[in-house]
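# Using only what follows, build the 3D model:
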Amino acid sequence: MSDATTKPLSPPPPTQADPATAAASPRPSWLQTLRVYLEPASLRMLTLGFSAGLPLLLVLGTLSFRLREAGIDRSTIGYLSWVGLAYGFKWMWAPLVDRLPIPLLTRWLGRRRSWLLLSQCLIVAGLVGMAVSDPRNALGPIVWCALAVAFGSATQDIALDAFRIESADTNHQAALAASYQTGYRLAMIWAGAGVLWIADRSEVLPALGQAASYQNQAWMAAYLVMAVSMVVGMVTVLYSNEPAQVRLAPAKNLGAWLQGAVVDPFADFLRRYGWHAALILALIAVYRISDVVMGIMANPFYVDMGYTKAEVATVTKIYGVVMTLLGAFVGGVLSMRLGVMRVLMLGALLSAGSNLLFAWLAGHGHDVTALIAVVSADNLAGGVASAAFIAYLSSLTNVSYSATQYALFSSMMLLLPKFVAGFSGDYVDAFGYAHFFTSTALLGVPVLALVWLASRIKMGTGARQ
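As a prediction, this is how the structure comes out:
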């Protein structure tokens, strides 16, 4: 195997400033700050973010709505959310994506784009399989296809994170993160509201006097449209330039390849941060726990509260996602001007607190206006937190091992929350929705202390190389 070793053949890119040390540089004007969103790199991340955001809801949020409507119990839906653990274990194959060339495809497109295109093809195949499966007959086929989509999506994330990190310096990472989040959230509108609208419009009206029932043909049409929508990301990959990378000498043997691809990326992180690495990984592991655990039961909650597909599509996937876009934009701008750690603290506080609004909504009853207010506030908080968190993770990576190290960080972000979320259905069955949402808010309290402790670390000692 080639394309891997411990030392580059050519000099590595210049050391890039860390967000903590960037504060010493003159601040750009507001016009200069905003203009960065029109740069080609930002526009590419917008469309690639769409490709990254499309599969997530289709194997988690939207799928939970579909399964609940099909009569699947909440406990089973909770356990099926463990499909999302594919995102938490992606660090296991990240070294392959980071270093291993794909025969013919890598020579044609380059290392990053070849993996992006291959993973996108797997996502399309999995979505088609989910479209033709009926959960009422058997859960097995739809679960296996969902796993294929999750695996392809996680692989796409690995390559895309490396593509993003290698496309700009540290000072532009917050803007790229915001552009990525914008595209990601637009895809979530389409994979959330779009799929519900398509399914709703594809239903055959029941006969007079008969109650509406689950119609798999409607969901089939919706998921097939989602599969076609992946073309946006595939076209972007084909027409993008491969980012400049550190050239790597061929490995002499398998052991040398494993050393360069697997051991060195993790050793580099530990060497740069020392004992602080444990604190950083602890923060990464729990930062989004409130949102992730709560999110698994959100769609079953809407179904059980009597909200229709059209109401959920309009409110949670339009108003909510627009507020997330606003939050991501605000988070990106504030991170560039005030520093990532301050915005990270703000995002953690807002994300945990917004879950209490859902606890109030559970006792308030079916009220579309109240749903708009709660979902909008929750998504605004989530957008701010996500933009700052992605910028923070990006600042921790060494560009020589960008895919593997970022995959480790983003996997840590999801592993514990996704595991805990698997028991969310049992918790709701035992204690009810209001108690569940309150508990998820309390999960965010330790995050505030970890952000404060992490902010005391002199990040300059771990500057990207």
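
# hey, which helix is longest across this protein?
Longest helix in the chain, counting residues (DSSP state H): helix 368-396.

# contacts for stretch 282-294?
With Cβ atoms under 8 Å, 6 or more residues apart in numbering as the test, stretch 282-294 has contacts from 344, 348, 351-352, 355, 358, 382, 385, 389, 393, 409, 412-418, 420-421, 424, 436-437, 440-441, 443-444, 446-447, 450-451, 453-454. (Each C-beta comes from the backbone N, C-alpha and C, glycine too.)

# quick revisit: can you get me the centre-to-centre distance for the next helix or strand after the longest helix of the chain and its chain?
Once the chain leaves helix 368-396, the next helix or strand it forms, by DSSP states H and E, is helix 402-421. Remark: helix 402-421 is offset 10 Å from the chain centroid, using Cα atoms, centre = their mean, to the nearest Å.

# which strands and helices sit next to helix 402-421?
helix 85-88, helix 94-99, helix 140-165, helix 264-273, helix 276-286, helix 289-296, helix 368-396 (3 or more Cβ pairs under 8 Å, 6 or more residues apart in numbering; DSSP states H and E).

# Nearest to residue 74, out of those?
Of all those, it is helix 289-296 that lies closest to residue 74, at 9.7 Å by Cβ to Cβ.

# Could you point out the helix or strand that follows the closest one?
helix 298-304.

# How about that following helix, which residues are buried there?
298-303 (16 or more other Cβ atoms under 10 Å).

# Ok, stretch 327-344 next?
327-336, 339-341, 343-344.

# So for it, mean pLDDT?
Mean pLDDT, computed over stretch 327-344, is 82.

# With only the CA atoms kept, save it in CSV.
Taking C-alpha atoms only, stretch 327-344 is exported to CSV below (Å, rounded to 0.1, in the frame of the first residue of the first chain):
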residue,chain,number,x,y,z
GLY,A,327,-27.7,30.4,14.7
ALA,A,328,-25.0,28.9,12.6
PHE,A,329,-24.4,32.2,10.9
VAL,A,330,-24.3,34.1,14.2
GLY,A,331,-22.1,31.4,15.8
GLY,A,332,-19.6,31.6,12.9
VAL,A,333,-19.4,35.4,13.0
LEU,A,334,-19.2,35.6,16.8
SER,A,335,-16.5,32.9,16.9
MET,A,336,-14.3,34.9,14.5
ARG,A,337,-14.7,38.1,16.5
LEU,A,338,-15.0,37.0,20.1
GLY,A,339,-13.2,33.6,20.1
VAL,A,340,-14.4,30.1,19.8
MET,A,341,-14.4,29.2,23.6
ARG,A,342,-16.7,32.0,24.6
VAL,A,343,-19.2,31.0,21.9
LEU,A,344,-18.8,27.4,22.9
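
# Can you list which of the buried residues of stretch 327-344 are found in helices?
Per DSSP H, these map to helices at 327-336, 340-341, 343-344.

# With respect to residue 377, which of these is nearest?
residue 327 (10.0 Å).

# that older thread, now the contacts of stretch 282-294: which count as buried?
Buried, going by 16+ other Cβ under 10 Å: 344, 348, 351-352, 355, 358, 382, 385, 389, 393, 409, 412-418, 420-421, 424, 436-437, 440-441, 443-444, 447, 450-451, 454, out of those.

# ok, which pair from the ones in helices among the buried residues of stretch 327-344 is furthest apart?
329 and 341 (19.3 Å).

# could you point out where the stretch 1-150 of the chain is predicted with low confidence?
1-41 (pLDDT under 70).

# Which residue would you name as the spatial centre of the chain?
Residue closest to the mean C-alpha point of the chain, counted by Cα atoms, centre = their mean, is residue 53 at 6.8 Å.

# Distance of that one relative to residue 374?
22 Å (Cβ to Cβ, to the nearest Å).

# now do residue 214
Counting by Cβ to Cβ - residue 214 and residue 374 are separated by 27 Å.

# what does residue 43 give?
Remark: distance between residue 43 and residue 374 (Cβ to Cβ) = 33 Å.

# higher neighbour count, these two?
residue 374 (23 against 14; other Cβ atoms under 10 Å).

# and residue 242, what does it touch?
Taking Cβ under 8 Å, 6+ apart as the definition, contacts of residue 242 comprise 109-113.

# okay, those in TSV with distance to residue 230, secondary structure and neighbour count next?
Shown next, in TSV, are the contacts of residue 242 (distance: Cβ to Cβ, whole Å; DSSP: H, G, I helix; E, B strand; the rest coil; neighbours: other Cβ atoms under 10 Å):
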residue	distance to residue 230	secondary structure	neighbour count
109	17	helix	19
110	20	coil	19
111	21	helix	24
112	18	helix	27
113	15	helix	22
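
# how long is stretch 432-450 end to end?
30 Å (Cα to Cα, to the nearest Å).

# Which residues does that stretch contact?
Residues outside stretch 432-450 that contact it (Cβ under 8 Å, 6+ apart): 279, 282-283, 286-287, 289-290, 293-294, 297, 301, 304, 345, 348-349, 351-353, 355-356, 358-360, 362-363, 424, 427-428, 431.

# Could you tell me which of those residues count as buried?
282-283, 286-287, 289-290, 293-294, 297, 301, 345, 348-349, 351-352, 355-356, 358-359, 362, 424, 427-428.

# could I get the helices and strands packed on helix 402-421 as TSV with distance to residue 124?
Formatted as TSV, these follow (distance: least, Cβ to Cβ, whole Å):
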stretch	distance to residue 124
helix 85-88	17
helix 94-99	18
helix 140-165	8
helix 264-273	30
helix 276-286	30
helix 289-296	25
helix 368-396	25
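
# was I right about residue 328 contacting residue 387?
Yes: the criterion here is Cβ atoms under 8 Å, and residue 328 meets it with residue 387 at 4.6 Å.

# and residue 132, what does it touch?
With Cβ under 8 Å, 6+ apart, residue 132 has these contacts: residue 220.

# Let's see that with 10 Å instead.
Contact analysis of residue 132 by Cβ atoms under 10 Å, 6 or more residues apart in numbering lists 141-142, 145, 216, 220, 223-224.

# now residue 230
50-51, 54-55, 120-121, 123-124, 127, 152, 156, 187.

# Swap in 6 Å and give it another go.
120, 123-124 (Cβ atoms under 6 Å, 6 or more residues apart in numbering).

# Ramachandran angles for it?
Phi and psi for residue 230, reported as degrees, to the nearest 10, are phi -70, psi -10.

# I'd like to know how far it sits from residue 224.
Residue 230 is 11 Å from residue 224, by Cβ to Cβ.

# repeat for residue 448
44 Å.

# Of those two, give the one with the bigger neighbour count.
It is residue 224, of residue 448 and residue 224, that has more neighbours when counted by other Cβ under 10 Å, with 16 against 13.

# what's the angle from the strand or helix carrying that one to helix 140-165?
Assigned by DSSP H and E, residue 224 belongs to helix 216-229. Taking axes from the mean of the first three to the mean of the last three Cα atoms, to 10 degrees, helix 216-229 and helix 140-165 form an angle of 20 degrees between their directions.
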